[in-house]
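In: dropping a prediction and its sequence here:
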4 protein chains.
Amino acid sequence: MANKVRMGMVGGGSGALIGAVHRLAAEMTGDIELVAGAFSSNPDASKQFGIELGLDASRAYGNYEEMIDAEATLPEDQRMQCVSIVTPNNSHADISCRALKKGMHVICDKPLAGNLEDALRVAAVVEETGLLFGITHTYTGYPLIIEARERVRAGELGDIRRVVVIYLQDWLSQAADTKGSKQATWRTDASVGGESGAFADIGTHAFNLVEFITGQQMTEVAAELKTVVEDRDIDDDGAAMFRLQNGAAGLLAASQVCTGAVNGLRIEIYGDKGSLHWSHGDPNTLTIGRRGDPDQVISPGNNIAYLSDAARSRCRTPGGHPEGFIEAFSNLYVDFAAAVRAFPEPTDNICATVEDGVRAMRFVRATITSTNNGSQWTSI
Amino acid sequence: MANKVRMGMVGGGSGALIGAVHRLAAEMTGDIELVAGAFSSNPDASKQFGIELGLDASRAYGNYEEMIDAEATLPEDQRMQCVSIVTPNNSHADISCRALKKGMHVICDKPLAGNLEDALRVAAVVEETGLLFGITHTYTGYPLIIEARERVRAGELGDIRRVVVIYLQDWLSQAADTKGSKQATWRTDASVGGESGAFADIGTHAFNLVEFITGQQMTEVAAELKTVVEDRDIDDDGAAMFRLQNGAAGLLAASQVCTGAVNGLRIEIYGDKGSLHWSHGDPNTLTIGRRGDPDQVISPGNNIAYLSDAARSRCRTPGGHPEGFIEAFSNLYVDFAAAVRAFPEPTDNICATVEDGVRAMRFVRATITSTNNGSQWTSI
Amino acid sequence: MANKVRMGMVGGGSGALIGAVHRLAAEMTGDIELVAGAFSSNPDASKQFGIELGLDASRAYGNYEEMIDAEATLPEDQRMQCVSIVTPNNSHADISCRALKKGMHVICDKPLAGNLEDALRVAAVVEETGLLFGITHTYTGYPLIIEARERVRAGELGDIRRVVVIYLQDWLSQAADTKGSKQATWRTDASVGGESGAFADIGTHAFNLVEFITGQQMTEVAAELKTVVEDRDIDDDGAAMFRLQNGAAGLLAASQVCTGAVNGLRIEIYGDKGSLHWSHGDPNTLTIGRRGDPDQVISPGNNIAYLSDAARSRCRTPGGHPEGFIEAFSNLYVDFAAAVRAFPEPTDNICATVEDGVRAMRFVRATITSTNNGSQWTSI
Amino acid sequence: MANKVRMGMVGGGSGALIGAVHRLAAEMTGDIELVAGAFSSNPDASKQFGIELGLDASRAYGNYEEMIDAEATLPEDQRMQCVSIVTPNNSHADISCRALKKGMHVICDKPLAGNLEDALRVAAVVEETGLLFGITHTYTGYPLIIEARERVRAGELGDIRRVVVIYLQDWLSQAADTKGSKQATWRTDASVGGESGAFADIGTHAFNLVEFITGQQMTEVAAELKTVVEDRDIDDDGAAMFRLQNGAAGLLAASQVCTGAVNGLRIEIYGDKGSLHWSHGDPNTLTIGRRGDPDQVISPGNNIAYLSDAARSRCRTPGGHPEGFIEAFSNLYVDFAAAVRAFPEPTDNICATVEDGVRAMRFVRATITSTNNGSQWTSI
């Protein structure tokens, strides 16, 4: 189909869950075409997988260097305009930098990099090239998370006083979980996953969500990261107290070893005028608490005139039909594709930026530092 | 992209909500390509819309007759293999019959037709041609609805005793709702929508869900259909008592005028051994009630070995990530595309069949007859 | 303690669940003293139980006739002023009439009587004596049910269009459930329980709740009562369509054989302006649906200025503390005791009256008649 | 009524919410009689209130010293056996010590005292006298909290890894809240309330709940207590990270200034085998999470053979009827009265003990110390 934004992908080969979600999310935009890919560290597997996906064989590459270099030589109206990076964390920076330097916009799975230094390196290249860089902090793609941000901006909660954000999973709760699962293995191996495990993987989601909704920077953290399951060399569990710019206090927990917890990201924010609650388990509902008035349940129904434009425009189905993770994910790709199309004109883009990504890595670093210093308060 | 199932579409032009959902659902399969379309009753608008969607201009047709006839003359490996019909109910039968007679498989929005006679006409042509016919009773595409069916089949509930199925909406609750909305207008106009309004539109969903999960036919109904908002000539509200084959009793309500109800389809089924509950508001949860044991909450988490194969294979995201309406819808297209591909070999296909569609129209007819006879018990 | 309302009790001996709840509810008022009782059909057991409860031995009677007659001869400031009747249904009428005729007010467990004729007999004696008669339809004692009524009265829902009320239990779902349990046995035996089982026992709760909240009479019913578990001679399950005075339509189900259902009374009412939902499983929450506005969750929190006086005055705990069944039950006794105290001055009393009780028995009779006539519409 | 446990009360005069709850809870046991009281710091008001409650005028005392001394001189079978203390925190210790020294058992509202030193003073007198001392940490009276403890004890969760306990209120969220409300005023005034505000008032509930359910001591805490609303001299908000004996990690928040939070105590506990969740907003439900199995919803229904004896014996209503705060509160009084009756024989008593109370005050002190030392980890 003509006129779509042309995208390449690095990573996401056979069996990679998150790569498949990225492709689906991109496809759902109706505005992006996957034209090239280097899907696996095994060149043959990579090419084979690309062909199975229906790519032109000449654009099913054996590795990402080859892909980026070759695509850069294609005519401007054919070559890939952007690349989606869905590899383990430690490789994000190199791939990003190479793509940017060849003139390609980048959309990268979170976190931005395996460590802060790498993250800063990417940020420098983004700065230098002026190209687009998006990070898929999926949760910001949920219409009601956007609504939450709009309501905080509009002052409905007043001054924020306290935040609670909890992201608990159980998929790495047993030692055996890292056997035989690529996703599990690299997330618990610092040489591939980077300097942090659970905090890089999902703690950054929680961190980003707090800054996204409150519109404030998290300034300090007192944290304790832990390695609960033996034979892992990075954190698989942890928690922190934190402070926002305005002095508000918060609690954050992130763990991948909480048996019985099913990917349960929840956030609650309290101000002097009101509060809001959102949970990933019921993503189509945002509850607003006020004093002396009934709670309000915001849910995209048939008549959603009361939703902010920013949220309403991100709803895809007729009122009252539940939307989920893929729709939220796709909302990021919708905005990213629109930004690519409009480039260099700026657009309203809910994707996390490279600055957001650097901040998330500063957060991870601060939690590690704090942990190493008896949980003392540490600046982010 | 090579090798996809080639699909045409009738209806679903600019502004049509359900047409866009069908396209998204088909696209999400990764296995279907929209190659042709007749999207609007206005030929110019139809062609224009097809081109906007990226169709080859020669396959953006002015009307469905033209499309079906022209496509039938294309080489076998180019012409559309199937057609998706997303027009108002009264037109389903003619379009279906023409497509089938030209050798094309059909996937049609529910209900099958505007009235029972038309439905039977389609069924006869399906019988005659032996081609595939699918109806998008979306709810059967939800993994946990499939799980519900599997558990009933496995005898977990024992003998079914009582069913409650309630599908209430409010989007037609005011007289003004039919002004300026195509979707609303034809659903309240018998000349376009057919012999029933709410019961054809959503009552058939409720009916289909009961038969799908219980694996039993609904045999009799005592109903009262109503037209609550004035100046409508078909039902916008109604309810019924019903009986299943095994003598179980049930209640069904379907309404589009229940102010404050947001597309709330819910079903609960009680047997002599246990019960189950599912609600569209929280589609990723199925609750199993047993006596003398805690309720079980079935929800696709990280370790869903306990889900039936039939349900698990329809989950698309990593455990614990909410899925919604579009994923469920797409699951129907996944199965339909697989069936087209395998044709004439039979496949395991959760799409409702033409027989299911005829049954739903018999149900609608029986509720009308019962209403006209003082709600007396009427065979379906 | 001086000055309390002096109450006697008939029924509620050792092991009787509902009798204990009545005593607790009365005690919680702080305004009622149990001074006499005839607790069992076995005179010795009756006396013994009364003494165990701490009654003066002379007022622990062997049977109700003896109690009523003897108490009536005591000095006015000592004799029991009212009697609480917690026996099987068929005996309610005789006990009530004897007490009323001796000048005692009556508060009686629902339903009013074992059949309509008995109910009318009681009503005639109430009329004749002018005494107070209360029926413990517990649900009307929940503050949020009262709030629901107030909001309907205030027109928040507009014209009522549709009602759904469902009361399903599973405690009689197996044939064995009636073995060895007094409560279970008499409820499935017409000679003790009366002309109906489940519909008299809990269907009347559902019926009363509809009339209480909507402020309208139910005028007609098309019903099907069933005996699902063999060897029972009265209904243990059933459902009905109904109509209210204003033409609104409704569905009602009541069953004691729905395995996995745990005493789940729920009601939802839809009007042309809004709707409300309440469920016994979460009695401290009332949800108000409106169109084009977020749902409101009414829940007695810290600042319940928004609650009606009628509801607020029935909350007992500091805001946000859950209240339950006994508190609701006790609210009925609070009002009844206040009415006894004020007699013959009228008071604002949420207890169901003898007229309400007669209406409930008319409803039961109409459902039986409708069942016997092929579910035809039958006037109440 | 003969044979009840004779209790006096200190505090809880006209308008005092928690005093009324204590009386109701005691009354609901059917086993306690209020025989004496000193309800107010104003002697006349105190006597007047006692008489209004129906006390014998001679036992409606002007102050607690008078009451304790006078009662101690009454014949053994008449004098009060125990005293319920429901005054502001700072006065708990003196009253407790005087009563104990006169041979009276004590049941005291939480926290044990205004500060740790006072708490230790009481503990010494309990030790010395050997009398009973109960503290009303209400939450341990909920049947499902007891069930949670039993399940942890039985090893269902395996080794505890992480705990999250959150207790947020909003009733002191505005500066004006302390005007004109006795309860609010003393809780924000160190000279009456003690060394801590929110943490003493509700943080101790959260702390006690963690130790009660896990059966482990909290060993260390890194905390930050805050005074959010100006013109208060003690904490009204705060949070902490904590460690349990076995090395498990936890988060605790307690605040009375979170606008929109309605008395929302929640606890979730994760082990290596499973997890549990309980929330005060839905106290009749306990959710058990396991890996690879559906969640289980524990709720006292009709057939609760699966509940532990300890929990089942604390359920008061027929299955499926919601119980609330007062029932939980009363369960503490049930056990306390039984202990008084059995004294000096030990009983199974879920009331928090003086040791629990001292531990809670140690926790409060540790959070204050940690706050003053930059949130450093502090032993409890």
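Out: It's in.

In: how many neighbours does A:E128 have?
Out: Using other C-beta atoms under 10 Å in any protein chain shown, A:E128 is surrounded by 11 other residues. Where you see a C-beta, it was placed from the backbone N, CA and C, and this is true even at glycine.

In: please apply the same query to A:T285.
Out: The burial count for A:T285: 19, using other C-beta under 10 Å.

In: next one, pLDDT for it please.
Out: According to the prediction, A:T285 has pLDDT 94.

In: got the contact list for it?
Out: A:144, A:278-279, A:297-299 (C-beta atoms under 8 Å, 6 or more residues apart in numbering or on different chains).

In: ok, now A:A16?
Out: Contacts of A:A16 by C-beta under 8 Å, 6+ apart are A:39, A:86, A:182-183.

In: quick one on the thing from earlier: mind checking which of the contacts of A:T285 are buried?
Out: A:144, A:278, A:297-299 (16 or more other C-beta atoms under 10 Å in any protein chain shown).

In: which residue packs closest to A:E150, ignoring adjacent ones?
Out: A:S308 (3.9 Å; C-beta to C-beta, 6 or more residues apart in numbering or on different chains).

In: if you could redo that for A:I160, that was the one I meant.
Out: Nearest one to A:I160, counting by C-beta to C-beta, 6+ apart, is A:A248 at 4.3 Å.

In: hang on, that neighbour packs against A:V164?
Out: No - in this structure A:A248 lies outside contact range of A:V164 using C-beta atoms under 8 Å: 11.3 Å.

In: what are the boundaries of the helices in the stretch 101-250 of chain A?
Out: Under the criterion DSSP state H, counting those that start in this stretch, the stretch 101-250 of chain A contains helices at A:116-129, A:143-153, A:182-187, A:190-193, A:198, A:204-214.

In: report the buried residues of the longest one.
Out: Neighbour counts over helix A:116-129 (16+ other C-beta under 10 Å) mark A:116, A:118-123, A:125-126, A:129 as buried.

In: kindly reformat the contacts of A:T285 as CSV containing distance to chain C and pLDDT.
Out: Output for those, formatted as CSV (distance: C-beta to the nearest C-beta, whole Å; pLDDT from 0 to 100):
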residue, distance to chain C, pLDDT
A:L144, 11, 96
A:W278, 14, 97
A:S279, 15, 96
A:V297, 4, 93
A:I298, 5, 92
A:S299, 7, 88
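
In: out of those residues, who's nearest B:A239?
Out: Nearest to B:A239 among the contacts of A:T285: A:S299, at 25.1 Å, using C-beta to C-beta.

In: how about the CA coordinates for the helix or strand of chain A with the lowest mean pLDDT, as PDB?
Out: None of the helices or strands of chain A scores lower by mean pLDDT, DSSP states H and E than helix A:182-187, at a mean of 76. In PDB, the C-alpha atoms belonging to helix A:182-187 read as follows (Å, rounded to 0.1, in the frame of the first residue of the first chain):
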ATOM      1  CA  LYS A 182      15.300 -15.800  26.100                       C
ATOM      2  CA  GLN A 183      13.300 -13.000  27.600                       C
ATOM      3  CA  ALA A 184      13.800 -14.200  31.100                       C
ATOM      4  CA  THR A 185      17.500 -15.000  30.700                       C
ATOM      5  CA  TRP A 186      18.700 -11.700  29.400                       C
ATOM      6  CA  ARG A 187      16.700  -9.700  31.900                       C
END
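
In: so where does the residue nearest to A:Q78 when sequence neighbours are not counted fall, helix or strand?
Out: Leaving out its chain neighbours, the residue that sits closest to A:Q78 by C-beta to C-beta, 6+ apart is A:R6, at 7.4 Å. Using DSSP states H and E, A:R6 falls within strand A:5-11.

In: hang on, the earlier thing: neighbour-wise, which one of the contacts of A:A16 leads?
Out: A:F39 (30 neighbours).

In: how close does the residue lying farthest from the centre of chain A get to chain B?
Out: Ranked by distance from the centre of chain A (C-alpha atoms, centre = their mean), the top residue is A:G292, with 36.7 Å. Applying C-beta to the nearest C-beta, to the nearest Å, the value for A:G292 to chain B is 23 Å.

In: care to break chain A down by domain?
Out: Here the domain parsing of chain A from automatic domain parsing is A:5-138, A:142-315+A:358-372.

In: circling back to that earlier point, so which of the helices of the stretch 101-250 of chain A gets nearest A:A338?
Out: Per C-beta to C-beta, nearest to A:A338 of those: helix A:143-153, 15.2 Å.

In: then stretch A:363-377 to CSV, C-alphas only?
Out: The C-alpha trace of stretch A:363-377 is given here as CSV (Å, rounded to 0.1, in the frame of the first residue of the first chain):
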residue,chain,number,x,y,z
PHE,A,363,16.4,7.1,38.1
VAL,A,364,17.8,3.6,37.8
ARG,A,365,21.3,4.8,38.6
ALA,A,366,20.0,6.8,41.6
THR,A,367,18.2,3.7,43.0
ILE,A,368,21.4,1.7,42.6
THR,A,369,23.5,4.4,44.3
SER,A,370,21.0,4.7,47.1
THR,A,371,20.9,1.0,47.6
ASN,A,372,24.7,0.9,47.9
ASN,A,373,24.5,3.7,50.5
GLY,A,374,22.1,2.3,52.9
SER,A,375,19.1,3.7,51.1
GLN,A,376,20.1,7.2,51.7
TRP,A,377,18.3,10.0,49.8
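
In: now it, how far from the centre of its chain.
Out: Stretch A:363-377 has its C-alpha centroid displaced from the chain centroid by 22 Å (C-alpha atoms, centre = their mean, to the nearest Å).

In: again, but for stretch A:344-352
Out: Worked out by C-alpha atoms, centre = their mean, stretch A:344-352 lies 16 Å from the chain centre.

In: quick one: buried residues of it?
Out: Applying 16+ other C-beta under 10 Å to stretch A:344-352 flags A:349-352 as buried.

In: for A:G197, the count of nearby residues, please.
Out: Neighbours around A:G197, by other C-beta under 10 Å: 29.

In: could you do A:I18 as well?
Out: 18.

In: mind checking which helix or strand it is in?
Out: Per DSSP H and E: helix A:17-28 holds A:I18.

In: got the contact list for that helix?
Out: In contact with helix A:17-28 (C-beta under 8 Å, 6+ apart) are residues A:7, A:9, A:11-13, A:32, A:34, A:39, A:53, A:84, A:86, A:109, A:136, A:183, A:325-327, A:329-330, A:332-333, A:337, B:24, B:27-28, B:30, B:316-318, B:326.

In: just the buried ones from these?
Out: Here, 16+ other C-beta under 10 Å leaves A:7, A:9, A:11-13, A:32, A:34, A:39, A:53, A:84, A:86, A:109, A:136, A:183, A:325-327, A:329-330, A:332-333, A:337, B:24, B:27-28, B:30, B:316-318, B:326 buried among these.

In: quick one: the strands in the stretch 251-380 of chain A?
Out: A:264-271, A:274-279, A:286-290, A:295-298, A:378-379 (DSSP state E, counting those that start in this stretch).

In: who touches the first one?
Out: Surrounding strand A:264-271, the residues in contact under the criterion C-beta under 8 Å, 6+ apart are A:139, A:148, A:152, A:157-169, A:202, A:205-206, A:209-210, A:213-214, A:275-281, A:289, B:320, D:168, D:170, D:255, D:257-261.

In: who does that strand pair with, and is each partner parallel or antiparallel?
Out: If you go by DSSP bridges, strand A:264-271 pairs up with strand A:160-168 (antiparallel), strand A:274-279 (antiparallel).

In: same question, the shortest one
Out: The partner list of strand A:378-379 in its sheet, established with DSSP bridges, is strand A:218-226 (antiparallel).

In: and the strand it pairs with, which residues are buried?
Out: A:218, A:220-226.

In: pick the one among the residues you listed closest to chain B.
Out: For these, the residue nearest chain B by C-beta to the nearest C-beta is A:K226; the value is 20.1 Å.
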